[in-house]
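Visitor: Got a sequence here, can you build the structure:
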Amino acid sequence: MLLVNILPLILILVLLFKRKHMLFAGLCGGALAIIIGRISIGSVSGIFIKGVSSMLGITVPILYAATAAMVARGGSIQSLVELAKRGLKGKISILAGIMVLIQAFATYMAGMGAGNTMVTAPLIATAFGAIPEIIAAMAIATAVGFTTSPASTETALAAESAGREIIAHAAAMRPLTIVFFLLAAGLAIYGVYKRGALTVNKKAVVKEEQEKTSLLWKKAIPALALLIMVIAGSRINSLIGITIFTPVTAVIFTSILTVIFTPLNTNDTSEALVDGSKFILTTLFSVGIFLGFINIIAELGTFEQLAAIAGNAPQTIIVPVAMIIAFLIAIPAGAFCAGVLTLVLPTLAVLGLPSEAMGLVAIAAGLGTQVSPVQINVAALAKGFELEIIDVIKGNVKYILGSLVLLILISIVII
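Guide: Residues are numbered from 1 along each chain as shown. Okay, here's the model as predicted:
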């Protein structure tokens with residue numbers, strides 16, 4: 001039965017590899033699933049609309065994407081990047097590693113990555129351009145960050161499956177988290193060292209280099225404030241005992257600072273905020289349609305049947321097999337990594353495996369999401385670096401697969 005139910009997924013992947021549009025591939029796969037499962041049109045309609053609405057309901061990344069675009073139009077991001085370059089005295093490869101680490105730890109603290117990516121990706125794109133190694137490094141750091149964070153659903157599921165406290169599980173996974181964060185930073189540094197900065201707007205760069213440091217600091221304030229509020233807002237709230245910094249207040253405060261410290265007036269700032277949302281909303285709409293088709297395929301029970309394969313593997317290799325299956329399921333179902341884990345982790349829980357095994361499977365699923373056309377962080381990377389989603393995926397594949405292989409080797413050693 002699995003061989004039949006998996007045909008729609010295979011069809012989608014074949015069409016994507018042949019460079020067909022994501023929505024056409026999804027339509028073909030969804031249509032085949034309807035035929036195989038004899039799913040009624042009434043059921044299909046509800047399933048499909050749920051996919052679209054779930055993506056458009058992801059409001060925080062939309063807010064941050066629009067705000068980041070707004071401060072970029074005011075020249076704030078460019079100014080902040082130029083100040084960082086001056087502070088590092090031209091050692092821009094080090095800056096790439098630092099920015100990836102900022103993304104990594106911001107994701108770890110928040111338990112989710114796409115909102116942070118919406119802010120950090122434009123900064124990195126302005127400094128270096130769309131360097132594949134940097135984009136892949138951000139994807140790897142984000143995947144590991146949200147799957148091992150004590151604040152994430154994925155970590156909670158892994159800990160619960162092993163009957164362990166979340167904090168204890170997160171602490172056990174932390175050395176591995178740090179290793180992958182450092183590897184991601186190293187990959188970014190290598191990418192810049194290998195390719196140099198692929199600066200897109202040379203005139204803007206020359207202009208920034210000619211400006212006085214005091215003026216750069218003034219213009220950089222909105223971008224710096226947004227970065228701080230996104231990364232450390234919740235921590236600041238807990239320290240002062242009052243909730244001040246939220247996604248909404250971050251947008252409001254940043255907008256006010258943009259009016260005060262950049263050439264944009266109130267009308268320009270408002271228009272920039274609205275215009276900044278167009279790309280991400282369009283992207284999420286197309287991703288939502290594709291997810292609707294994936295949800296139709298899910299009605300066949302395909303993903304559950306794939307997950308059950310792990311239970312039939314020899315116990316000596318059950319963790320690597322479970323990791324590979326979680327990774328593969330996350331590619332078409334990457335919008336909800338936690339949902340992937342609910343399919344795979346119960347099998348490991350029955351065998352009484354330690355929480356570290358669950359954590360490794362969670363990371364594998366997280367890595368799979370970073371080559372998924374329905375993953376919001378991939379959409380965020382596409383937006384930040386002004387690329388198509390499929391181009392981000394193609395650039396990520398070899399580095400993500402390399403990370404998965406390394407993770408499997410680690411699992412063989414420690415489990």
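Visitor: How is the nearest residue in space to D391 that is not next to it in sequence assigned, secondary-structure-wise?
Guide: Nearest non-adjacent residue to D391, counting by C-beta to C-beta, 6 or more residues apart in numbering: A382, 7.5 Å away. C-beta: built from backbone N, CA, C; applies to glycine. Put simply, A382 is helix when judged by DSSP: H, G, I helix; E, B strand; the rest coil.
Visitor: Distance check, A382 against A250.
Guide: From A382 across to A250, the span is 22 Å (C-beta to C-beta, to the nearest Å).
Visitor: Tell me who's in contact with the residue nearest to D391.
Guide: Going by C-beta atoms under 8 Å, 6 or more residues apart in numbering, A382 touches 283, 388-389, 391-392.
Visitor: Can you add distance to L101 and give the residues you listed back as a markdown table?
Guide: A markdown table is the format used below for the contacts of A382 (distance: C-beta to C-beta, whole Å):
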| residue | distance to L101 |
| --- | --- |
| T283 | 26 |
| E388 | 27 |
| I389 | 25 |
| D391 | 25 |
| V392 | 20 |
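Visitor: Pull the most distant pair out of the residues you listed.
Guide: Using C-beta to C-beta, the pair of the contacts of A382 lying farthest apart is T283 and D391, separated by 12.8 Å.
Visitor: between these two, which one's more packed in?
Guide: T283 (20 against 15; other C-beta atoms under 10 Å).
Visitor: Give me the buried positions along the helix or strand hosting Q78.
Guide: Using DSSP states H and E, Q78 sits within helix 76-87. Of all the residues in helix 76-87, those buried under the rule 16 or more other C-beta atoms under 10 Å are 76-85.
Visitor: Show me what the next helix or strand after that helix is packed against.
Guide: Next helix or strand after helix 76-87 toward the C-terminus (DSSP H and E): helix 92-110. When contacts are defined as 3 or more C-beta pairs under 8 Å, 6 or more residues apart in numbering; DSSP states H and E, helix 92-110 packs onto helix 76-87, helix 114-128, helix 132-148, helix 166-195, helix 213-240.
Visitor: so how far is the second one from its chain's centroid?
Guide: What it means is helix 114-128. 12 Å (C-alpha atoms, centre = their mean, to the nearest Å).
Visitor: what's the angle between that helix and helix 166-195?
Guide: 20 degrees (axes from the mean of the first three to the mean of the last three C-alpha atoms, to 10 degrees).
Visitor: Let me know the angle separating helix 114-128 from helix 213-240.
Guide: Going by the same axes, to 10 degrees, helix 114-128 makes 160 degrees with helix 213-240.
Visitor: And for the fourth one?
Guide: Comparing the axes of helix 166-195 and helix 213-240 via the same axes, to 10 degrees yields an angle of 170 degrees.
Visitor: elements contacting helix 166-195?
Guide: If contacts are counted by 3+ C-beta pairs under 8 Å, 6+ apart, helix 166-195 sits against helix 92-110, helix 132-148, helix 153-161, helix 355-369, helix 389-414.
Visitor: Give me the angle between the fourth one and helix 132-148.
Guide: Between helix 355-369 and helix 132-148, the angle comes out at 140 degrees (the same axes, to 10 degrees).
Visitor: give the contact list for L15.
Guide: Contacts of L15 by C-beta under 8 Å, 6+ apart are 24-25, 28-29.
Visitor: Between which two of these is the distance greatest?
Guide: Farthest pair in those, by C-beta to C-beta: F24 and G29, 9.8 Å.
Visitor: So the two - more neighbours on which side?
Guide: G29 (26 against 13).
Visitor: Where does S270 sit: helix, strand or coil?
Guide: helix.
Visitor: Please name the nearest non-neighbouring residue to it.
Guide: Nearest one to S270, counting by C-beta to C-beta, 6+ apart, is S255 at 7.8 Å.
Visitor: Could you double-check that the one you found lies in contact with T67?
Guide: Yes - S255 is within contact range of T67, at 7.4 Å (criterion: C-beta atoms under 8 Å).
Visitor: re the thing from before, export the contacts of L15 to a markdown table and tack on distance to G288, secondary structure and pLDDT?
Guide: Formatted as a markdown table, the contacts of L15 follow (distance: C-beta to C-beta, whole Å; DSSP: H, G, I helix; E, B strand; the rest coil; pLDDT from 0 to 100):
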| residue | distance to G288 | secondary structure | pLDDT |
| --- | --- | --- | --- |
| F24 | 16 | helix | 93 |
| A25 | 15 | helix | 89 |
| C28 | 18 | helix | 95 |
| G29 | 16 | helix | 93 |
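Visitor: List just the nearest of these to D275.
Guide: F24 (28.5 Å).
Visitor: residue contacts, the closest one?
Guide: L15.
Visitor: at 10 Å instead, please
Guide: 12, 15-16, 290 (C-beta atoms under 10 Å, 6 or more residues apart in numbering).
Visitor: Most widely separated two among those?
Guide: Largest pairwise distance in the contacts of F24, by C-beta to C-beta, is 11.7 Å, between L15 and F290.
Visitor: Need the overlap of contacts for those two.
Guide: 21-22, 24-27, 29.
Visitor: thinking again about what came up before, of the buried residues of helix 76-87, closest to L224?
Guide: L80 (5.8 Å).
Visitor: pretty sure the closest one contacts L227?
Guide: Yes - counting by C-beta atoms under 10 Å, L227 is a contact partner of L80 at 7.8 Å.
Visitor: Show me whatever sits in contact with both of these two.
Guide: 71, 123, 220.
Visitor: Which neighbouring elements make contact with the helix or strand V251 falls within?
Guide: Applying DSSP H and E as the criterion places V251 in helix 247-261. Packing partners of helix 247-261 (3 or more C-beta pairs under 10 Å, 6 or more residues apart in numbering; DSSP states H and E): helix 59-73, helix 76-87, helix 114-128, helix 213-240, helix 266-276.
Visitor: The longest one vs helix 247-261, what angle?
Guide: Counting by the same axes, to 10 degrees, helix 213-240 lies at 160 degrees to helix 247-261.
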